[in-house]
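**Student:** Please find the sequence and the predicted model below.
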Amino acid sequence: MNTGITSADDIKKIVDGFKNSRIILSAFELNVFTVLDKKLLTSEEIAGKINADVRATDRLCNALTAIGLLHKRNNKFYNTHAASEFLVKGKPGYMGNLAHVNHTWNNWHRLTKSVIKGTSIAVDEINERGDDWLEAFIAAMHYRGEYQAKIISMMIDLKNVKRMLDVGGGSGAFSIGFTQAQPEMNAVVFDLPNVVQLTQRYIREAGMHEKISTVEGNYLTDDFGNGYDLILLSAIVHINSFDENEMLIKKCADALNPGGQVIIQDWIMNEERTAPPTGALFALNMLVGTVHGDTYTESEMKEWMTTAGLENIEKKDTGFTTSLLIGRKG
């Protein structure tokens, strides 16, 4: 049980946390850090480059200085080391995933109404959310997936995998990582038409277009074909209802070769749904952002797999708050 909150000051500190978040996200959205890359500029000069009000830009930059992302000398601002490394477009460590966090902000302010209604009050299909939203979302997933794929590829058995299906694979980060770890393997990324256009770009940039192909479709309604040795569902089951996931895991099991494996990578909640804490918070993210999404317990996920006829079900913790649940086809 979390006992770290013991005073009114503790509560206030948490409640006020949104202010720092909004300051950083607004500066990110306005490209303040990119404008300041390797420069010392006055607030007036910054305002001119981001097409914003001078006084308001000055106050924003003062706040960024106060929280430790800018320095100010002689009324000129410049990036701190952290801002330069992680918040400037084009840098290797650029946190492009913050664009998606910025979009997520718009859903979270509706949390109260979503709790009353029991679902999101403003849900559009992914293909209807616009190119900017989609590009930011896929970039965020790729930013996370590149690192995770390297770790997970060492945690699972790829030696007999010749063909992989990456369901809702987005940028293809896991397909890229797995095929790099197992060069004899080929992968298929299955995703929506608008997403697949972006997937193909990421695959080309990684130089993996000869190893990884794409298929357009809706994973809830369209056929996967068959002949796969591994089917991955990374950050997929939390989008769907319990019944949708039961059906989806059955489709995956049916598409496997004998001896093949279905791997879920997601938050696997304890039976009280309170841990891991990030999963408990993410359940609310699904409440405000999707019609049926949720985070699920280990027993619920195992039920999907056993109902689908999968065996030797095994859970593995990844070390980055999510876990793997692996089921094998006899």
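**Tutor:** Received the coordinates, thanks. Numbering: from 1, shown residues only.
**Student:** Okay, domains of this protein per the record?
**Tutor:** What automatic domain parsing lists as the domains of the chain is 8-89, 111-329.
**Student:** could you give the mean pLDDT of the longest one?
**Tutor:** Model confidence over domain 111-329 averages 93 on the pLDDT scale.
**Student:** Same check on the shortest one?
**Tutor:** When the per-residue pLDDT values of domain 8-89 are averaged, the result is 96.
**Student:** so how far does it reach from one end to the other?
**Tutor:** Distance between the boundary residues of domain 8-89 (CA to CA, to the nearest Å) amounts to 39 Å.
**Student:** does K302 really touch I313, like I thought?
**Tutor:** Yes: if you go by CB atoms under 8 Å, K302 and I313 touch, sitting 5.5 Å apart. Using the backbone N, CA and C atoms, a C-beta is placed for each residue, glycine as well.
**Student:** Now do the shared contacts for these two.
**Tutor:** Shared contacts of K302 and I313 (CB atoms under 8 Å, 6 or more residues apart in numbering): L325.
**Student:** A99: which of the domains of the chain is closest?
**Tutor:** Among the domains of the chain, the nearest to A99 by CB to CB is domain 111-329 (3.6 Å).
**Student:** Check the offset of that closest one from the chain's centre.
**Tutor:** Taking CA atoms, centre = their mean, to the nearest Å, one finds domain 111-329 lying 10 Å from the centre of the chain it belongs to.
**Student:** what about the helices in the chain?
**Tutor:** 8-15, 17-29, 32-35, 43-50, 54-67, 81-86, 98-108, 111-117, 131-153, 173-181, 193-205, 242-255, 277-289, 298-307 (DSSP state H).
**Student:** Of all the residues in the second one, which ones are buried?
**Tutor:** Applying a neighbour-count criterion of 16 or more other CB atoms under 10 Å, one finds 23-28 buried in helix 17-29.
**Student:** ok, how many other residues are close to N240?
**Tutor:** 23 (other CB atoms under 10 Å).
**Student:** Would you list the phi and psi of it?
**Tutor:** Per-residue torsions, N240: phi -110, psi 170 (degrees, to the nearest 10).
**Student:** Make 40 the first number, not 1, from now on.
**Tutor:** Right, with 40 as the first residue, what we last looked at is N279.
**Student:** contacting residues around it?
**Tutor:** Applying CB under 8 Å, 6+ apart to N279 gives the contacts 259, 287, 331-332.
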